[in-house]
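In: Predicted model follows, preceded by the sequence.
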Amino acid sequence: MAVSGFEGFEKRLELQFFTHNPVIGIGLRELDFQSLEQVLHQVQCTVVSALGNRHFDSYVLSESSLFVYPTKIIIKTCGTTQLLKSVQPFINHARTLNLELFTLRYTRGSFIFPEAQPHPHTSFHEEVMFLEDNIPQNLCYKKASVVPSKLTSHSWHVFSAGAVEYSDNAPYTVEVCMTNLDQTLAQKFFRHPNDRKNGDSAGREMTGKTGINRINPNAQICDFAFDPCGYSMNGLDGDRYSTIHVTPEDGFSYASFECLGSDHIDMAEMVKKAVKVFGPGTVSVATTGAGDDMCKRIKAAVEDVGMKCRSWSTDVAPAAGKVVFQTFTSRRRT
Amino acid sequence: MGAQVSSQQRSRSRSRPRSGSDHGEVLSVHSSDNWNTLFQNSRSSNKLMVIDFSADWCGPCKFIEPTVHDFADEFSDVDFIKIDVDELPDVAKDFDVKAMPTFVLVKKGKERERIVGVKKDDLHRMIEKHRF
């Protein structure tokens, strides 16, 4: 592991809103672009590409992704971004549309370079304190937990807060984090020095060459390749998003795959295909709101591609549902 | 009666749709009749036509709108057409538009290139590539 480098592990924030209005309309999608940019500026990132469909808007950011649904915002950023600084501005902008915060969920893995993180991300404790100070009082069902694994460098951090307790019918979320990527596969995410392409066309080429487009052939993809290396994509399939981010450099290589799940899709197969793209040495899979059956299917799928499950830990987040955190390492290593 | 074409800068009833503009406008097309006429005209012309499929409720479409206008100014020899997928869902379906914005570059009635999403550099390059 390098002494320092780019932090691939993301911080993820999900905000759900409710309204007293009888008709929601397009809700948060009504927010004008200047307002969104203003929030992103506070988090130190910018929009590099975007794509929308009937159900939601997606934005590829300089440091990961943003999804805007009528009553839900998901923002995921990596590096040393101060993601939690977006909480207050999002709450304020939503209020202008008569939308009130209903649940909040903040999750992340363990940073590769924790000392490089700025306030309030210097520790989970500090993040939780910051969140407690910035969320409205009515979100009274709160919990902060660190879900451990057998790998000391890999824990899953969850803070959730809600106005009511979790109910079972929400779609579940799967967050896959991969490190120690196979370097031959990681090379595909480096730009060629004289490729005469731009970030858009280079991104499109990477999506095809790496097989990312085959993870969910039904999805519309918005991709981008960074210079000299790095890749991001958002996938849109009906009302379900997916997103992949890659930091390919040896020494701190990282890739993430996240997807919104439902009963109608083969999530395990998608996770398996994603792991195959990167050939990682270590994989962690965190699911929120998924049943045990689905988690077992995912476990079997990941073990099918040369990994061995090292731990399976669970927790219950009152406002988000059951959290299952599994870690895997490559069979060829002990 | 009469076909209606409105451009971004002014909106008037006209008895015939305009085939294009030399002044860097983006023409919004609101009726299928109008669209059909425009498309037919384009088949017999050598002009590149850039169709911007977008929607009112689509944030990314609003994000790229100023750029589309800039390109319309820069490439005054290219026709820029805007189609709202709710207003003309059949045309959107004909062109297999699944996400927005989708830019379809058409010349002599045939699709030459398509850009799905906000990709300013790519869109610029493709227009340059196909304009002559």
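Out: Looks like it came in fine.

In: Taking chain B, what residue is nearest to chain A?
Out: Closest contact between chain B and chain A, by Cβ to the nearest Cβ, is at residue B:60 (3.4 Å). (Glycine included, C-beta is placed from N, CA and C.)

In: looking at this, residue B:41 is in a strand?
Out: No. Assigned with DSSP: H, G, I helix; E, B strand; the rest coil, residue B:41 falls outside any strand and is helix.

In: Count residues in the vicinity of it, would you?
Out: Neighbourhood size, residue B:41 [other Cβ atoms under 10 Å in any protein chain shown]: 17.

In: re earlier: what about the residue of chain B closest to chain A, which helix or strand?
Out: Using DSSP states H and E, residue B:60 maps to helix B:59-74.

In: which helices and strands sit right next to that helix?
Out: Helices and strands touching helix B:59-74, as assessed by 3 or more Cβ pairs under 8 Å, 6 or more residues apart in numbering or on different chains; DSSP states H and E, comprise helix A:33-43, strand A:47-52, strand A:57-61, strand B:26-29, strand B:49-54, strand B:79-84, helix B:120-130.

In: Enumerate every residue touching the residue nearest to the spatial centre of chain B.
Out: Among the residues of chain B, the one closest to the centroid is residue B:81, at 2.1 Å (Cα atoms, centre = their mean). Neighbouring residues of residue B:81 by Cβ atoms under 8 Å, 6 or more residues apart in numbering or on different chains: B:26, B:27, B:28, B:29, B:38, B:49, B:50, B:51, B:52.

In: how about a markdown table for those residues, with neighbour count, pLDDT and distance to residue A:273 added?
Out: Listed next are the contacts of residue B:81 as a markdown table, based on neighbours: other Cβ atoms under 10 Å in any protein chain shown; pLDDT from 0 to 100; distance: Cβ to Cβ, whole Å:
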| residue | neighbour count | pLDDT | distance to residue A:273 |
| --- | --- | --- | --- |
| B:26 | 20 | 95 | 40 |
| B:27 | 23 | 95 | 43 |
| B:28 | 20 | 96 | 41 |
| B:29 | 25 | 96 | 40 |
| B:38 | 21 | 94 | 42 |
| B:49 | 25 | 97 | 38 |
| B:50 | 25 | 97 | 35 |
| B:51 | 26 | 98 | 34 |
| B:52 | 25 | 98 | 33 |
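
In: Kindly reformat these as JSON lines containing distance to residue A:234.
Out: Output for those, formatted as JSON lines (distance: Cβ to Cβ, whole Å):
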{"residue": "B:26", "distance to residue A:234": "26"}
{"residue": "B:27", "distance to residue A:234": "30"}
{"residue": "B:28", "distance to residue A:234": "28"}
{"residue": "B:29", "distance to residue A:234": "29"}
{"residue": "B:38", "distance to residue A:234": "32"}
{"residue": "B:49", "distance to residue A:234": "28"}
{"residue": "B:50", "distance to residue A:234": "24"}
{"residue": "B:51", "distance to residue A:234": "23"}
{"residue": "B:52", "distance to residue A:234": "20"}
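
In: These into CSV, with extra columns for distance to chain A?
Out: Below are those laid out as CSV (distance: Cβ to the nearest Cβ, whole Å):
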residue, distance to chain A
B:26, 18
B:27, 22
B:28, 19
B:29, 20
B:38, 25
B:49, 21
B:50, 16
B:51, 17
B:52, 13
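
In: out of these, which one sits closest to residue A:74?
Out: Comparing those against residue A:74 with Cβ to Cβ places residue B:52 closest, at 27.1 Å.

In: how near is the closest residue to that closest one other than its chain neighbours to residue A:189?
Out: Spatial nearest neighbour of residue B:52, excluding adjacent residues (Cβ to Cβ, 6 or more residues apart in numbering or on different chains): residue B:82 at 4.7 Å. Distance, residue B:82 to residue A:189, using Cβ to Cβ, to the nearest Å: 35 Å.

In: same deal with residue A:160?
Out: In this view, residue A:160 and residue A:189 are 33 Å apart by Cβ to Cβ.

In: same deal with residue A:110?
Out: With Cβ to Cβ as the criterion, residue A:110 and residue A:189 are 23 Å apart.

In: Get me the contact residues on chain A for chain B.
Out: Counting by Cβ under 8 Å from any Cβ of the partner chain, chain A comes close to chain B at A:26, A:29, A:31-33, A:36, A:47, A:49-53, A:57-59, A:68, A:198-201, A:220-222, A:236.

In: For ChimeraX, what selects the buried ones among those residues?
Out: Of these, the buried ones can be selected in ChimeraX as follows, counting by 16 or more other Cβ atoms under 10 Å in any protein chain shown:
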select /A:26,29,31,33,36,47,49,50,51,52,53,57,58,59,68,198,199,200,201,220,221,222,236
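
In: For residue A:137, which of the helices and strands packed on helix B:59-74 is the nearest?
Out: Nearest of these (Cβ to Cβ): helix A:33-43, 22.3 Å.

In: Buried ones in the closest one, by neighbour count?
Out: Buried residues in helix A:33-43 (16+ other Cβ under 10 Å): A:33, A:36, A:39, A:40, A:42, A:43.

In: you'd agree the first one is up against residue B:64?
Out: It refers to residue A:33. No. In this structure residue A:33 lies outside contact range of residue B:64 using Cβ atoms under 8 Å: 9.6 Å.

In: residues contacting the residue of the stretch 1-150 of chain A found nearest chain B?
Out: As assessed by Cβ to the nearest Cβ, chain B sits closest to residue A:50 within the stretch 1-150 of chain A, at 3.4 Å. Shown in contact with residue A:50 (Cβ under 8 Å, 6+ apart): A:57, A:58, A:59, A:60, A:222, B:59, B:60, B:63, B:64, B:117, B:118.

In: Within range of chain A, give me the residues from chain B.
Out: Proximity of chain B to chain A (Cβ under 8 Å from any Cβ) is limited to residues B:55, B:57-64, B:98-101, B:115-119, B:121-122, B:125.

In: same thing but 7 Å
Out: Residues of chain B lying close to chain A (Cβ under 7 Å from any Cβ of the partner chain) are B:57-63, B:98-100, B:116-119, B:121-122, B:125.

In: any idea where the strands of the stretch 201-334 of chain A begin and end?
Out: Assigned by DSSP state E, counting those that start in this stretch, the strands in the stretch 201-334 of chain A fall at A:220-225, A:231-237, A:240-247, A:254-260, A:282-288, A:307-317, A:321-330.

In: hang on, the earlier thing: how distant is the helix holding residue B:60 from the center of its chain?
Out: Relative to its chain's centre, helix B:59-74 lies at 11 Å (Cα atoms, centre = their mean, to the nearest Å).

In: contact partners of it?
Out: Here helix B:59-74 makes contact (Cβ atoms under 7 Å, 6 or more residues apart in numbering or on different chains) with A:29, A:33, A:47, A:50-52, A:57, A:68, B:24-26, B:52, B:54-55, B:80, B:100-101, B:117-118, B:120, B:124, B:127.

In: Now do the buried residues in that helix.
Out: Within helix B:59-74, the residues that count as buried by 16+ other Cβ under 10 Å are B:59, B:60, B:61, B:62, B:63, B:64, B:65, B:68, B:69, B:71, B:72.
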